[in-house]
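> output the structure for:
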Amino acid sequence: FLQFFCYKMAAQDHYLDLSHQTREFLEKNELRWHARVWDLHNKQIGDAGAYDLAEALETNSSVTKILLHGNRIGDAGARALARALRINSTVTEITLHDNEIGREGVYYLVRSLQVNSTVTVSICGNRISDRVAHCVGVLLNLRRVRPPLAQIAHYLAEAIKAEMLVFG
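Residues are numbered from 1 along each chain as shown. Below is the predicted model:
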């Protein structure tokens, strides 16, 4: 009983460390702190909601799957989520398809994969070329074979960066 009580109190402490805005976001969207899945698909949270979610992910160690497809998340929101994914190692799947993420947002997501090799990210149907989406898919498939991930992610991120300079 004491162990459970201490665990619950520690979780509440992390929750209280969040900004007021992020706590309101979690409550408004009925996201339970200890849930394994946070389902926010088609809620139109945009970049502002992605910022709040990213802040929560930095301290949450329960959620493993986040459904964010169809939310009008752009590059700024993707960058915030990428920062959180560098810290959070419990998330194993995040769906970001059918948003407004461009090459810059994908670049930061790919860079986060250098640090966090446990997460898979779905990004099709965004504002990126088929070539970039294909490269990210190849990267995620290659991770199963276990090549030097940091090297692959570095080359892919540099390719996306070069495409941003050439086609941006």
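> residue 75 is in contact with residue 99, correct?
No. Contact criterion CB atoms under 8 Å: residue 99 and residue 75 do not qualify, at 9.9 Å. For the C-beta atoms, the positions are set from N, CA and C on the backbone; glycine is no exception.
> which one's more surrounded, these two?
residue 99 (26 against 21; other CB atoms under 10 Å).
> can you list the weak-confidence ranges in the chain?
1-17, 131, 134-135, 137-153, 155, 159-168 (pLDDT under 70).
> what do you get if the cut-off is 90, keeping everything else the same?
1-24, 26-34, 97, 102-104, 106-168 (pLDDT under 90).
> what are the boundaries of the helices in this protein?
Along the chain, counting by DSSP state H, helices occupy 2-17, 20-28, 46-57, 75-87, 103-115, 130-145, 149-167.
> what are the contacting residues of the fourth one?
Residues from elsewhere that reach helix 75-87 (CB atoms under 8 Å, 6 or more residues apart in numbering): 46-51, 53-55, 57-58, 68, 73, 91, 94, 96, 99, 101-102, 104-106, 108-109, 111-112, 115-116, 119.
> again, but for the second one
Contact partners of helix 20-28, identified using CB under 8 Å, 6+ apart, comprise 15, 18, 33, 49, 52, 53, 55, 56.
> with residue 112 as the reference, measure out to the last one.
Taken as CB to CB, to the nearest Å, the spacing of residue 56 relative to residue 112 amounts to 16 Å.
> can you check the third one too?
Taking CB to CB as the measure, residue 33 and residue 112 are separated by 22 Å.
> these two - which one has more neighbours?
Applying other CB under 10 Å to residue 33 and residue 112 shows that residue 112 carries more neighbours, namely 22 against 18.
> now do the contacts for that one.
Residue 112 neighbours (CB under 8 Å, 6+ apart): 82, 83, 85, 86, 119.
> change it to 6 Å
82, 85, 86 (CB atoms under 6 Å, 6 or more residues apart in numbering).
> and those residues, which are buried?
82, 85, 86 (16 or more other CB atoms under 10 Å).
> tabulate the residues you listed (CSV), appending distance to residue 27.
As requested, the buried ones among the contacts of residue 112 are exported to CSV (distance: CB to CB, whole Å):
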residue, distance to residue 27
82, 25
85, 23
86, 26
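> nearest to residue 133 among the residues you listed?
Relative to residue 133, the closest of the buried ones among the contacts of residue 112 is residue 82; by CB to CB it sits at 16.3 Å.
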